[in-house]
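K.L.:
sequence unknown, structure follows:
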């Protein structure tokens, strides 16, 4: 069954990501003139539906702050100004988790080059893939960032969305880190009184 997108999306970018003993074909749909993004996912080459046997789950996050993975492992950047508007841009991996998270890929697609007030700006789609080091074949977190230039406003708008594909085991590990992180943020040491 094919995905019907209508006129909202007029571009796509395709990725083939290895997962367990097969792979996923991931499509990123977008419009050249807006920041809207949508993922399409199809499983391919799995032997006997092994992805179902491992309890693989697929989640999409329009708001990265609602993702346990982002909240635990990543620093996000927000900014609002007259010429730049950024919401939930991936900034970095938190230093305490640098050895636990691996980059799988980092790609940039320039859609157009725009000159505004003597500056050259690029309308782009940025895609990066991250994984848990212990479950590199069972966990994938793909972040798609859309940088859209609105010429009539002389403004750059940056929006980010993500998709997570993970087995039950890798989700269990992520939840352990999430719970540990939450406890450490809420921990208030007892003060000794003399």
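P.N.:
Here it is on my side, so go on. Computed from a predicted structure; not experimentally measured.
K.L.:
for residue 14, what are its contacts?
P.N.:
25, 26, 27, 28 (C-beta atoms under 8 Å, 6 or more residues apart in numbering). Where you see a C-beta, it was placed from the backbone N, CA and C, and this is true even at glycine.
K.L.:
could you rerun that using 6 Å?
P.N.:
Counting by C-beta atoms under 6 Å, 6 or more residues apart in numbering, residue 14 touches residue 27.
K.L.:
could you check the pLDDT of it?
P.N.:
pLDDT recorded at residue 14 is 93.
K.L.:
separation between it and residue 104?
P.N.:
Distance from residue 14 to residue 104, counting by C-beta to C-beta, to the nearest Å: 16 Å.
K.L.:
cool, and residue 175?
P.N.:
Counting by C-beta to C-beta - residue 175 and residue 104 are separated by 21 Å.
K.L.:
how about residue 93?
P.N.:
13 Å.
K.L.:
those two: who's more crowded?
P.N.:
For residue 93 versus residue 104, neighbours defined as other C-beta atoms under 10 Å are more numerous around residue 93 (17 against 14).
K.L.:
where does that one fall, phi/psi-wise?
P.N.:
phi -80, psi 140 (degrees, to the nearest 10).
K.L.:
next one: the one 3 residues further on
P.N.:
Dihedral angles phi and psi of residue 96 (degrees, to the nearest 10) take the values phi -70, psi -10.
K.L.:
what's the burial count for it?
P.N.:
For residue 96, using other C-beta under 10 Å, the count is 10.
K.L.:
most residues in a single helix of this structure, which one?
P.N.:
For the chain, the helix with the greatest residue count under DSSP state H is helix 168-186.
K.L.:
buried residues, that one. List them.
P.N.:
By neighbour count with 16 or more other C-beta atoms under 10 Å, helix 168-186 contains the buried residues 170, 171, 173, 174, 177, 178, 181.
K.L.:
of those residues, which is the nearest to residue 136?
P.N.:
residue 170 (9.4 Å; C-beta to C-beta).
K.L.:
pairing partners for the longest strand along the chain, with directions?
P.N.:
Looking across the chain with DSSP state E, the single longest strand is strand 101-116. Next to strand 101-116 in the sheet, as set by DSSP bridges, lie strand 119-132 (antiparallel).
K.L.:
list phi and psi for residue 94.
P.N.:
Torsion angles, degrees, to the nearest 10, at residue 94: phi -60, psi 130.
K.L.:
same question for residue 38.
P.N.:
phi -150, psi 140.
K.L.:
would you confirm that it contacts residue 29?
P.N.:
Yes - Residue 38 is within contact range of residue 29, at 4.4 Å (criterion: C-beta atoms under 6 Å).
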